[in-house]
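S.K.: Got a predicted model here, sequence first, then my questions.
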Amino acid sequence: MIKIEVCPGNLIPGFDTYSPVCRKNLFNGKKVSPVLDFDYDADCLEVTESINQISVSGVQEKLSAIVENGKIILTPTGQQGRYIIKPMPNYKYLRFRNFIPANEHLTMQIAKQVYKINVAENGLLFFANGDAAYITKRFDFDINGNKIKQEDFSSLAQKTTFTHGKDYKYTGSYEDVATLLKANVSAWQVEMSKLFTLLIFNYLFANGDAHLKNFSLQQSANGDYLLSPAYDLMNTSIHVRDEDFALQGGLMPESEHSEVYHNSGHPCKEDFITFANRTGVLPKKRDAIIKMFSDNNPLIDKLIDRSFLDDKIKRMYRRSYQERLSRFLRQSVI
């Protein structure tokens, strides 16, 4: 039986179930049990790619769910699911795969609580045997249950398996993503700052699977398009061997890389400043975002300590962040 001592939604201590604030955001105020009445029994996934080429998300099953009578249940046939459950992947070659749900949950909570990034509402739940799973509330429906128009950046770039091969969602650069955002969003400068924030976050927290399908535009009530809430944020380096960036073209053209980047093979904040300047992030906003990420916020350590990772993975997670932060803060020799 799983022992719950912090809210499995927002990681606030002193709760053995979802806290009132979490219930409000994740379950529209309903009292919901974090423990399911059933176990998850996935068929073995047959994956022929090597661990170097596979992404965590590529082997994660997603289950559709609803809340009924205070319980989270799988969506019955004919109904529309409002939640997505992601159990631990069955692919045995992923390192520490049983902690993938807790990893994603912690990373999403750090994004939300520390950096105020707009993320999909999320939490953890537990199957009857105690195995953890990640749960997220779908954000592509309005309060009346109507589907909200949404398009990911692979679709905006008109990239498919047919046009760009099986790795199509990893092609291009993040500067290409910024260019697409500028072309498709009226108030692009506001959204560009949000994209810039998310890119630095992904780098510092080693999210090596931030591909084109993990960024989306969503139609607002006014009919214009904005960045959707962030989703699928995770420190993937704990589970697979990753590069600094998911996209093959990296942050921007190599000709724009800093001396530090050229010499070390890893970007520093100078590179992100260059990216901001090239993509039109306003200088005042750029500097505020860089400063926010340059400080080691004590809430990060608190959330890591409260998370549902075990002690070893907590140390790995903390060490990964500290290493990325030290890289980020390096400066070129003048």
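M.R.: Received, thanks. Residues are numbered from 1 along each chain as shown.

S.K.: where in the chain is pLDDT low?
M.R.: Applying pLDDT under 70 to the chain flags the ranges 1, 42-59, 332-334.

S.K.: what ranges do the strands span in it?
M.R.: Remark: strands assigned in the chain by DSSP state E are 63-68, 71-74, 83-87, 122-126, 132-137, 150-152, 216-219, 225-227.

S.K.: The fourth one versus strand 83-87: what angle between them?
M.R.: Inter-element angle recorded for strand 122-126 and strand 83-87: 50 degrees (by axes from the mean of the first three to the mean of the last three CA atoms, to 10 degrees).

S.K.: what's in contact with strand 122-126?
M.R.: 2, 4, 8-10, 18, 22, 26, 34-36, 72, 85, 101-102, 104-105, 108-109, 132-137, 308 (CB atoms under 8 Å, 6 or more residues apart in numbering). Every C-beta, even on glycine, is put in place using the N, C-alpha and C of the backbone.

S.K.: hmm, try it at 6 Å
M.R.: 2, 8-9, 26, 34-35, 105, 108, 132-133, 135-136, 308 (CB atoms under 6 Å, 6 or more residues apart in numbering).

S.K.: Just flag the most distant two among those.
M.R.: 35 and 108 (20.7 Å; CB to CB).

S.K.: which residues in this structure form helices?
M.R.: Using DSSP state H, the helices of the chain run over 20-27, 100-113, 153-156, 161-164, 174-184, 188-204, 259-264, 269-279, 283-294, 298-306, 311-329.

S.K.: Go through those helices and pick out the most buried.
M.R.: Neighbour counts (mean count of other CB atoms under 10 Å) averaged over each of the helices of the chain peak at helix 100-113, with a mean of 24.

S.K.: what's it packed up against?
M.R.: Counting by 3 or more CB pairs under 6 Å, 6 or more residues apart in numbering; DSSP states H and E, the packing neighbours recorded for helix 100-113 are strand 132-137, helix 298-306.

S.K.: mind running it again at 10 Å?
M.R.: strand 83-87, strand 122-126, strand 132-137, helix 188-204, helix 298-306, helix 311-329 (3 or more CB pairs under 10 Å, 6 or more residues apart in numbering; DSSP states H and E).

S.K.: before we move on, back to that, ok, the contacts of strand 122-126 vs residue 41, which is closest?
M.R.: residue 133 (12.7 Å).

S.K.: Tell me which residues touch the nearest residue to that closest one once chain neighbours are set aside, please.
M.R.: The shortest distance from residue 133 to any residue other than its chain neighbours is 4.5 Å, reached at residue 87 (CB to CB, 6 or more residues apart in numbering). Contacts for residue 87 were tallied using CB atoms under 10 Å, 6 or more residues apart in numbering; they are 39-42, 60-63, 98, 100-101, 125, 127, 131-134.

S.K.: So what touches stretch 185-192?
M.R.: For stretch 185-192, using CB under 10 Å, 6+ apart, the contacting residues are 178, 181-182, 184, 195, 217, 220, 222-227, 276, 279-282, 285-286.

S.K.: swap the cut-off to 8 Å and go again
M.R.: Contacts of stretch 185-192 (CB under 8 Å, 6+ apart): 178, 181, 182, 217, 224, 225, 226, 227, 279, 280, 281, 282.

S.K.: returning to what we had before: show me which of the strands of the chain has the highest average neighbour count.
M.R.: It is strand 122-126: most buried of the strands of the chain by mean count of other CB under 10 Å, with a mean of 24.

S.K.: what's the angle from that strand to strand 132-137?
M.R.: If you take the same axes, to 10 degrees, strand 122-126 sits at 140 degrees to strand 132-137.

S.K.: could I have strand 122-126 exported to PDB, CA atoms only?
M.R.: Extracted C-alpha coordinates of strand 122-126, given in PDB (Å, rounded to 0.1, in the frame of the first residue of the first chain):
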ATOM      1  CA  ASN A 122      -1.400  17.400 -13.500                       C
ATOM      2  CA  GLY A 123      -0.800  15.000 -10.600                       C
ATOM      3  CA  LEU A 124       0.100  11.500  -9.700                       C
ATOM      4  CA  LEU A 125      -2.200   8.600  -9.000                       C
ATOM      5  CA  PHE A 126      -1.600   5.000  -7.900                       C
END
